[in-house]
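1. please work out how this folds:
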Amino acid sequence: MVNEPVSFLNAEQLAEEIVELGKNSALNVTILEKAQIEALKMGGLLSVNQGSIDPPTFIIAEYKGKNPKNSKPIVLVGKGVVYDTGGLSLKPTPNSMDIMKSDMGGAACMAGAIYLAALQQLPLHIIALIPATDNRPGLNAYAPGDVVTMYDGTTVEVMNTDAEGRMILADALAYSKKYDPEVVIDAATLTGAAHRAVGEHATCMMGTADDKYFDQLHKAGDETYERLIRFPFFEEYFEEMKSPIADLKNIGGPSAGMISAGMFLEHFVEAPYIHLDIAGPAWLNSTSAYRTKGGTGTGVRMLYHFLKHYV
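-> Reported below is the predicted structural model:
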């Protein structure tokens, strides 16, 4: 899915791909279309979609194995930006749009992980939530200065339309509350800051969940060679995300952008939370050992290993 261009894989087609996974497994897949998303008032997802001629989708995939070990579900959330121009804050750097068909790598990661769990019939209850759209500067595209009301009522001042992944993820994370989850884990090709911090050889990990979850993910990452590095989640980073005219703004300062983005997302989650910024390893411009050029499928093996040994 990561390697498919947006001419083939728009938000509706991404949803269809995941429906197909459900036909081959015990996944129960539900697709919310634009009218339903509007009824839910998912302002983040709808605002990013305003510049596109293609409607958004909100994908819910659920797997419940026999005699699940967890009494409350594990919720996986994946960023499904099927193509990202940056919107009106058009990406300025040379070649920066060339690989943006891969900006739904988080969505593909979570779809792959829950699909594999279903195929292997793990004794767990898992739900995957995938908000999907492209981000373009056309039509009535959302603009810097806009104030968006999110699904949970939080108001967000848009400072940069290229910080769109967190806008759509926030709605999905807030929606996860209805499931009263045991833990919420998201994956997203979210920030250039994560790529600059650790390159293509690790995923940036942070959050509020108990250390046991981080320890289990670290072990899974080491054993699958999809390594994770935990970053701090100090409350001072959240100060950068406060707006003088809204509850939050959608971009922080020039430093540690992967952490301030994670703190923004955490605002929308009530359950124990882990954020995985896979911006570095999700896509490679050349083959690296066993990892192929293009989409690497990063996170799928690691998360499956985590789920297989979930305690």
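
2. mind listing the strands for this protein?
-> For the chain, applying DSSP state E gives strands covering 28-32, 57-64, 74-78, 80-84, 125-135, 147-149, 155-157, 183-188, 203-207, 228-230, 248-249, 273-277, 283-284, 294-295.

3. averaged over its residues, what pLDDT does stretch 97-117 have?
-> If you average the pLDDT over stretch 97-117, you get 97.

4. let me see the contact set for Ile278.
-> 105-106, 109, 187-190, 194, 203, 298-299 (Cβ atoms under 8 Å, 6 or more residues apart in numbering). Any C-beta I mention is one placed from the backbone N, CA and C, and that applies to glycine too.

5. follow-up on the earlier one: make TSV from the strands of the chain and add distance to Lys101 and mean neighbour count to it.
-> Converted to TSV, the strands of the chain look like this (distance: least, Cβ to Cβ, whole Å; neighbours: other Cβ atoms under 10 Å):
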stretch	distance to Lys101	mean neighbour count
strand 28-32	21	17
strand 57-64	17	23
strand 74-78	15	29
strand 80-84	6	28
strand 125-135	10	27
strand 147-149	25	18
strand 155-157	26	20
strand 183-188	15	28
strand 203-207	20	25
strand 228-230	25	18
strand 248-249	28	22
strand 273-277	19	28
strand 283-284	9	20
strand 294-295	9	19
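
6. between those, which one is nearest to Tyr175?
-> Ranking those by their distance to Tyr175 (criterion: Cβ to Cβ) puts strand 125-135 first, at 6.3 Å.

7. re earlier: tell me the two of the contacts of Ile278 that are most distant?
-> Spanning the widest gap among the contacts of Ile278 are Cys109 and Ala194, at 14.3 Å by Cβ to Cβ.

8. tell me which of the two has more neighbours.
-> Each of Cys109 and Ala194 has its neighbours counted (other Cβ atoms under 10 Å); Cys109 has more, 33 against 29.

9. where exactly do the helices run in this structure?
-> 11-23, 34-40, 43-49, 105-119, 165-175, 192-198, 211-224, 236-239, 257-266, 300-308 (DSSP state H).

10. just list the residues touching Val172, thanks.
-> Careful, residue 172 is Ala and not Val. 45, 58, 77, 129-131, 186.

11. could you do Gly80 as well?
-> Going by Cβ under 8 Å, 6+ apart, Gly80 touches 11, 14, 57, 59, 104, 106-107, 130-133, 168.

12. can you list the contacts of Ala172 in JSON lines and add distance to Tyr213 and pLDDT?
-> Below are the contacts of Ala172 laid out as JSON lines (distance: Cβ to Cβ, whole Å; pLDDT from 0 to 100):
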{"residue": "Leu45", "distance to Tyr213": "27", "pLDDT": "99"}
{"residue": "Phe58", "distance to Tyr213": "25", "pLDDT": "99"}
{"residue": "Val77", "distance to Tyr213": "15", "pLDDT": "99"}
{"residue": "Leu129", "distance to Tyr213": "18", "pLDDT": "99"}
{"residue": "Ile130", "distance to Tyr213": "21", "pLDDT": "99"}
{"residue": "Pro131", "distance to Tyr213": "23", "pLDDT": "99"}
{"residue": "Asp186", "distance to Tyr213": "13", "pLDDT": "98"}
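
13. CSV for these, including distance to Glu226?
-> CSV is the format used below for these (distance: Cβ to Cβ, whole Å):
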residue, distance to Glu226
Leu45, 28
Phe58, 27
Val77, 18
Leu129, 22
Ile130, 20
Pro131, 24
Asp186, 16
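
14. and Gly299, how many neighbours?
-> By other Cβ under 10 Å, neighbour count at Gly299 equals 29.

15. quick check: pLDDT value at it.
-> Reading off the model, Gly299 has pLDDT 98.

16. and the closest residue to it other than its chain neighbours, how far from Ser7?
-> Sequence neighbours aside, Cys109 is the residue nearest to Gly299 in space, at 3.8 Å (criterion: Cβ to Cβ, 6 or more residues apart in numbering). Remark: distance between Cys109 and Ser7 (Cβ to Cβ, to the nearest Å) = 22 Å.

17. in TSV: the strands of the chain, plus distance to Met1.
-> Listed next are the strands of the chain as TSV, based on distance: least, Cβ to Cβ, whole Å:
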stretch	distance to Met1
strand 28-32	14
strand 57-64	12
strand 74-78	11
strand 80-84	9
strand 125-135	11
strand 147-149	28
strand 155-157	28
strand 183-188	13
strand 203-207	18
strand 228-230	22
strand 248-249	30
strand 273-277	18
strand 283-284	12
strand 294-295	8
